[in-house]
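Undergrad: Got a predicted structure here, sequence first:
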Amino acid sequence: MTAVEARQHFTRSFGGEPTLVASAAGRVNLIGEHVDYNGGEALPIAIQRRTSVAVRLRAGDRVTRINSGGTGGVLMLDHGQLRRRKKWTDYPSGVLDQLIGAGVDVPGMEVAVASDIPSGSGLSSSAALEVAFGFAVQSLLGLDTDRVALALLCQRAEREFVGVPCGAMDQLSAACGEPGQALHMGFAPVMVRPVPFAETVLVVDTAVPRSLRGSAYADRVRECAAALSAIQRIAPEVTVLAEATTEQLDRAEMPDVERRRARHVIAECERVRLAVRALEGGARFPGALALESHASLRADYECSSPELDWVVEYAMRSPGISGARLTGAGWGGCAVVFGEEHALEALSRSITADYAAAIGSRPRSWLVSADAGARLEG
Ligand code: GLA
């Protein structure tokens, strides 16, 4: 329990008890990849992996003292001089920067963080940290804690302070998750709607570290913007790439790379709508859509990796598995696998040794299901 850890860790770092502990969730996207920054639709779940933040006000100065339990000890975030340091404290600093920019007078605080979301694996550990920290601070100061508004504030923190041009999917998942429900999201305008999802899925971490900042993510954002501009030259009424039709894409002139990126985005949104319709009709998640999504991400979006492709192919050779795909940004990180729970359990046992033999490193895997987003811990 990361809430208990954050509390213990707080007492060790600062003495006494925190005023409150808040937490937010990691996420697994079921389908709808690389569509959030294109105004499309996605279907993630918040998962049982969480980040907890224990907080207490501290009189005297406007400095936040923060400790994650790592080797760094207590770090100081001076509210008057917040700056990017290229380390984990950039996420809470970015959230402080947004709150202060919105006119909130944030007093000094003591903060302890604990998390069981592996960082750099595509389960949105950074969004969970931003949202848990933001939720803790807003609760401590008695501010409005509307979850969608908080998620969008955290997304701005990541874009403007951390410098990652991400969409809003991760922060919305970390904030708005609900047990037993997937989240049908729209991004233009922002909309979050629960869709019943009682399945367990298997997440396989390929254990190939990946960082959004160092990856081709920003290139994809630029390529999609260029594809949109090309489409707007023949169809000025199109405002976001996800809204374009295949026919408009065919008529627009653009380089092949941009055309393939756009083709993925348009088809992926249709797959999200099909998946939502299936779940709302009481069916299990359609594994075939996951496979189509993965094929499109590999060939058209070029964000898979040999290890992710290996996991998807291996999973599909296992009995009782209906589908698999990379989840999150890609270029390493995690795959999500769909199927009957006993088949997922069997796969999680068999894949470890076979992956190690084929790839040379040990994958980690977890069975997860839809869980709560941001919450206060008792
Ligand atoms: C990362 C970003 C998200 C989203 C996914 C890809 O997780 O933070 O906004 O773009 O990649 O779907």
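TA: Received, thanks.
Undergrad: quick one: A329 from R317, how far?
TA: From A329 across to R317, the span is 26 Å (CB to CB, to the nearest Å). In this view, the C-beta of every residue, glycine as well, is placed from N, C-alpha and C.
Undergrad: More neighbours: which of these two?
TA: Neighbours were tallied for A329 and for R317 using other CB atoms under 10 Å; the higher tally belongs to A329 (24 against 8).
Undergrad: tell me which residues of stretch 327-345 are tucked away?
TA: Within stretch 327-345, the residues that count as buried by 16 or more other CB atoms under 10 Å are 327-339, 343-344.
Undergrad: Spell out which residues of the stretch 51-200 of the chain are next to the ligand.
TA: Applying CB under 6 Å from any ligand atom, we find that the stretch 51-200 of the chain lies next to the ligand at C166, G167, M169, D170.
Undergrad: Which of these fall in strands?
TA: Assigned to strands by DSSP state E, none of these qualify.
Undergrad: What about those, which are in helices?
TA: Within those, residues falling in helices by DSSP state H are M169, D170.
Undergrad: Can you select the buried ones from the residues of the stretch 51-200 of the chain next to the ligand in ChimeraX?
TA: Burial among these is assessed by 16+ other CB under 10 Å; the matching ChimeraX selection reads:
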select :166,167,169,170
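Undergrad: So which of the residues of the stretch 51-200 of the chain next to the ligand sits lowest on pLDDT?
TA: Lowest-confidence member of these: C166, scoring 94 (pLDDT).
Undergrad: Strands of the stretch 201-350 of the chain, residue ranges please.
TA: Ranges of strands in the stretch 201-350 of the chain, per DSSP state E, counting those that start in this stretch, are 201-205, 321-327, 334-339.
Undergrad: Need the ones you listed in CSV (columns: mean pLDDT).
TA: Below are the strands of the stretch 201-350 of the chain laid out as CSV (pLDDT from 0 to 100):
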stretch, mean pLDDT
strand 201-205, 97
strand 321-327, 98
strand 334-339, 97
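Undergrad: So which of those is nearest A235?
TA: Nearest of the strands of the stretch 201-350 of the chain to A235, taken as CB to CB: strand 321-327 at 29.9 Å.
Undergrad: Look through the stretch 201-350 of the chain and state the residue closest to the ligand.
TA: The ligand sits closest to A329 of the stretch 201-350 of the chain, with a gap of 3.5 Å, by CB to the nearest ligand atom.
Undergrad: What strands line up against the longest strand along the chain, and which way round?
TA: The longest strand of the chain (DSSP E) is strand 41-57. Strand 41-57 has these partner strands in its sheet, going by DSSP bridges: strand 20-31 (antiparallel), strand 109-115 (antiparallel), strand 181-187 (antiparallel).
Undergrad: Can you name the next helix or strand after that strand?
TA: Using DSSP states H and E, the helix or strand that follows strand 41-57 in sequence is strand 63-67.
Undergrad: does the residue in the stretch 1-150 of the chain that the ligand sits nearest to sit in a helix, a strand or a coil?
TA: Residue nearest to the ligand within the stretch 1-150 of the chain: E33 (4.1 Å; CB to the nearest ligand atom). Following DSSP: H, G, I helix; E, B strand; the rest coil, the label given to E33 is coil.
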